[in-house]
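Student: Mind folding the following:
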Amino acid sequence: MEFTLPFSVTAISVEADLNAFSQRPGGQAEDVSGTLTIANNDIDMEGTTATPFIAIAIVGVGKSPDQEVDLYISRNNIRNSSERPINVYGLGGRAYIERNVITTTSDAGINVAPSGDVMHIVGPGSFLIAHNTINCAWTSGQQAAIRLQTRADQPVSHAIVVENDINMSAPEGTKFSAASAAIELRGAGDSNIVANNRIRGRANFALSVVNQNGTPQNTAFIMNDLSGFTSAQADMFVDAGGMNTIAVGAQSTVEDHGSGTHIVPVR
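Tutor: From the prediction side, this is the model:
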């Protein structure tokens, strides 16, 4: 299926309980349960200065333990985005986000929202994010390619982020904020695994653990390939309060403010 969006804000949106996103009154998360598949779409977001377009938004679907959803977002081609290409808020169940190809706009004149990330995942839910190809060319220096985030006591825990190919292709000279990272885990997640991802280009961090809305703990960064990456601040960042982070691989620079961090260098 092919979409072009001269006027729309969101290409594909499934929203059951809007309270998962904001304080607006909404429906019931259990209104959407079972298998939900968004696959094989070709979406041109036609990013402009006028409107930030979101490609795929899933908000407040599925309710644990007996009305859960199995969400599949796979093999979509999303390009020219000026906002979150994939945005998942409040999932009661499991999500499999695999083999998508995403290219953001690279136009320096496009006003990209500071909160925009290429994949923005907000708990709760169980997530596998694998084999995606992401080219984050935004020039504002404030976004992550993949961000997993806790919000309102709804942690993202036991997520697996594996074998993604990420190119942070902001031009040389871009000024990066603390929110700039290839992969960021933000908030009170537990036992999330980030493994065997290939990260190239430039950003503030390649891998980041941030303390917000709770303390991240037991994060594992395993054998991620950073050989083509240049960090503005550090290859890996662990915020104050981050607990028991383990990193196995060739992180050249590590900024560690956490406790129980264990680094196993591999050359």
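
Student: ok, now how distant is the nearest residue to residue 116 once chain neighbours are set aside from residue 185?
Tutor: Closest residue to residue 116 apart from its sequence neighbours, by CB to CB, 6 or more residues apart in numbering: residue 83 at 4.8 Å. (Each C-beta comes from the backbone N, C-alpha and C, glycine too.) Applying CB to CB, to the nearest Å, the value for residue 83 to residue 185 is 21 Å.

Student: Give me the below-cutoff pLDDT ranges for this protein.
Tutor: For the chain, the stretches with pLDDT under 70 are 1-9, 17-27, 48-52, 108-109, 111, 113-115, 152.

Student: again, 80 this time
Tutor: Scanning the chain with the threshold set as pLDDT under 80 gives 1-10, 15-27, 29, 46-53, 107-116, 151-153, 267.

Student: Find the centremost residue of it, please.
Tutor: Nearest to the mean C-alpha position of the chain, by CA atoms, centre = their mean, lies residue 146 at 2.5 Å.

Student: if we can go back for a sec, pretty sure the residue nearest to residue 116 contacts residue 54?
Tutor: Yes: the criterion here is CB atoms under 8 Å, and residue 83 meets it with residue 54 at 5.0 Å.

Student: between the two, who's got more neighbours?
Tutor: residue 83 (28 against 23; other CB atoms under 10 Å).

Student: What are the phi and psi values at that one?
Tutor: Here is the backbone geometry of residue 83 (degrees, to the nearest 10): phi -140, psi -170.

Student: how close does it sit to residue 110?
Tutor: 10 Å.

Student: Touching both of these two, which residues are there?
Tutor: residue 47 (CB atoms under 8 Å, 6 or more residues apart in numbering).

Student: circling back: now the residue nearest to residue 116: how far from residue 71?
Tutor: Shown here: residue 83 relative to residue 71, a distance of 20 Å by CB to CB.

Student: Counting neighbours, what do you get for residue 28?
Tutor: Residue 28 has 12 nearby residues by other CB under 10 Å.

Student: Could you double-check that it sits in contact with residue 62?
Tutor: No: under the criterion of CB under 8 Å, residue 28 is not in contact with residue 62, lying 10.6 Å apart.

Student: Overlap in contacts, the two.
Tutor: Contact with both residue 28 and residue 62 is made by residues residue 16, according to CB under 8 Å, 6+ apart.

Student: give the contact list for residue 99.
Tutor: So residue 99 contacts 74, 75, 130, 131, 132 (CB under 8 Å, 6+ apart).
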